[in-house]
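Student: sequence and computational prediction follow.
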Amino acid sequence: MALVVPAGCRRPVASPVNFSASNVTVLRASLGSKGETQEATAAVIADPTGWANVKGVFKMVGTPPERRSLKIDKEQNICMPGGKPVMAEDVVVDASGGIKDIVIYLETKYPADNPKWEHPDYAATKTASVVFDQKACVFLTHMFALRSTQTLDVRNSDPTGHNLNIAGGPRPGNFTVAAGGSQPWVFGGEAAEPFPVSCGIHPWMSANGIVRHSPYFAVTNAQGEFELKNVPAGVPLKFRVWQEKARFIREFTAAGMPNKFSKGRMELKLDNDEQRQLEFSVESKLFGGS
């Protein structure tokens with residue numbers, strides 16, 4: 001089922017496509033291979049007509065699940081300073097109901113390095129590093145997102161070593177980062193969905209990551225807010241919406257109307273220079289609440 005959003009938003013309608021013999025050949029080759037290639041998909045997608053911005057917020061309705069206190073049974077002087085409890089971050093909700101660490105990322109494939117699909121503002125960050133630090137035996141970023149061309153700058157701000165286990169994505173890994181040290185990690189490819197990251201020395205440490213070829217992704221902040229800047233306009237787009245506890249979010253309310261994301265897919269089609277505002281309410285039961 002397509003996305004229903006507040007007044008003024010329209011249901012995405014695919015642009016007419018003119019098929020050619022070359023397109024048919026490309027598509028047949030794609031269907032005969034494992035997975036769909038970015039180039040084959042792009043062969044039947046019209047170019048965008050401009051750019052637009054999307055801002056949104058995810059709010060929880062109902063009683064959130066109670067946050068768990070993690071069992072810290074090693075190096076408590078470092079990992080539990082002052083004896084303060086360390087709380088789980090699989091579901092974090094603020095006083096207004098904002099849901100933290102929901103990731104929204106573009107699933108639609110398009111031609112690589114096509115200037116009509118990638119705004120010039122993204123060129124400066126295409127190969128930039130993304131810091132992933134740990135302090136007091138906690139990952140400081142619980143949900144990270146980066147492009148496949150970017151480097152994950154894994155840092156350790158603790159006076160003790162950590163073992164980083166990247167259990168998924170295009171390039172899984174398991175390596176130690178010494179106290180006060182750092183190590184770069186390049187994924188090189190993209191992941192269809194988020195994957196877990198943990199520490200083999202301190203097993204309560206956990207985070208999640210997503211790697212995409214495209215720059216169109218966002219992670220909600222502590223208030224449940226997100227922003228997607230300079231999104232391609234004039235073409236139908238499919239985004240996926242994921243949260244650690246709920247996984248791909250499927251049920252929501254927008255403008256007072258219950259609706260669903262089909263398999264966590266949010267469909268949008270934006271006008272040139274549009275400033276789209278979205279607000280989603282999600283039942284707490286999807287996160288283990290009541």
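Tutor: Done, it's in. Residues are numbered from 1 along each chain as shown.
Student: CA only for contacts and neighbour counts going forward, please
Tutor: Will do.
Student: Lys229 contacts His119, doesn't it?
Tutor: No: contact criterion Cα atoms under 8 Å: Lys229 and His119 do not qualify, at 9.1 Å.
Student: which one of these two has more residues nearby?
Tutor: Neighbour count, other Cα atoms under 10 Å: between Lys229 and His119, Lys229 has more, with 19 against 16.
Student: for the stretch 51-200 of the chain, which spans come out with low pLDDT?
Tutor: Low-confidence segments of the stretch 51-200 of the chain (pLDDT under 70): none present.
Student: repeat the analysis, applying 80 as the threshold.
Tutor: In the predicted model of the stretch 51-200 of the chain, residues 113 satisfy pLDDT under 80.
Student: strands of that one, start to end?
Tutor: 103-106, 129-132, 134-135, 138-139, 143-147, 151-155, 162-166, 173-177, 182-186, 195-199 (DSSP state E, counting those that start in this stretch).
Student: those strands: which one's closest to Met257?
Tutor: Minimum separation from Met257 across the strands of the stretch 51-200 of the chain (Cα to Cα) falls at strand 103-106, 21.0 Å.
Student: going by contacts, tell me the helices and strands next to the closest one.
Tutor: When contacts are defined as 3 or more Cα pairs under 8 Å, 6 or more residues apart in numbering; DSSP states H and E, strand 103-106 sits against strand 217-219, strand 236-243.
Student: partners of that strand, with directions?
Tutor: strand 217-219 (antiparallel), strand 236-243 (antiparallel) (DSSP bridges).
Student: show me what the next helix-or-strand element following the last one is in contact with.
Tutor: The one in question is strand 236-243. Next along the chain after strand 236-243, taking DSSP states H and E as the criterion, comes strand 247-248. Strand 247-248 is contacted from outside by 240-242, 263-264, using Cα atoms under 8 Å, 6 or more residues apart in numbering.
Student: tell me what the following helix or strand past strand 247-248 is packed against?
Tutor: Per DSSP H and E, the first helix or strand lying C-terminal to strand 247-248 is strand 251-254. Using 3+ Cα pairs under 8 Å, 6+ apart as the contact test, the elements touching strand 251-254 are strand 257-260, strand 275-283.
Student: nearest to Ala46, out of those strands?
Tutor: Closest among these, using Cα to Cα: strand 275-283, at 21.4 Å.
Student: how close does Val61 get to Phe132?
Tutor: Distance from Val61 to Phe132, counting by Cα to Cα, to the nearest Å: 31 Å.
Student: ok, Val154 next?
Tutor: Counting by Cα to Cα, the gap from Val154 to Phe132 is 5 Å.
Student: same check on Asp153?
Tutor: 6 Å.
Student: check Arg276 too.
Tutor: Arg276 is 30 Å from Phe132, by Cα to Cα.
Student: circling back: so can I have JSON lines of the strands of the stretch 51-200 of the chain showing mean neighbour count and distance to Pro81?
Tutor: Listed next are the strands of the stretch 51-200 of the chain as JSON lines, based on neighbours: other Cα atoms under 10 Å; distance: least, Cα to Cα, whole Å:
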{"stretch": "strand 103-106", "mean neighbour count": "24", "distance to Pro81": "30"}
{"stretch": "strand 129-132", "mean neighbour count": "18", "distance to Pro81": "21"}
{"stretch": "strand 134-135", "mean neighbour count": "16", "distance to Pro81": "11"}
{"stretch": "strand 138-139", "mean neighbour count": "22", "distance to Pro81": "12"}
{"stretch": "strand 143-147", "mean neighbour count": "24", "distance to Pro81": "23"}
{"stretch": "strand 151-155", "mean neighbour count": "20", "distance to Pro81": "20"}
{"stretch": "strand 162-166", "mean neighbour count": "20", "distance to Pro81": "17"}
{"stretch": "strand 173-177", "mean neighbour count": "15", "distance to Pro81": "21"}
{"stretch": "strand 182-186", "mean neighbour count": "15", "distance to Pro81": "23"}
{"stretch": "strand 195-199", "mean neighbour count": "20", "distance to Pro81": "19"}
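Student: make a markdown table out of the ones you listed and add distance to Ala95.
Tutor: Below are the strands of the stretch 51-200 of the chain laid out as a markdown table (distance: least, Cα to Cα, whole Å):
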| stretch | distance to Ala95 |
| --- | --- |
| strand 103-106 | 20 |
| strand 129-132 | 27 |
| strand 134-135 | 25 |
| strand 138-139 | 23 |
| strand 143-147 | 20 |
| strand 151-155 | 31 |
| strand 162-166 | 32 |
| strand 173-177 | 36 |
| strand 182-186 | 35 |
| strand 195-199 | 27 |
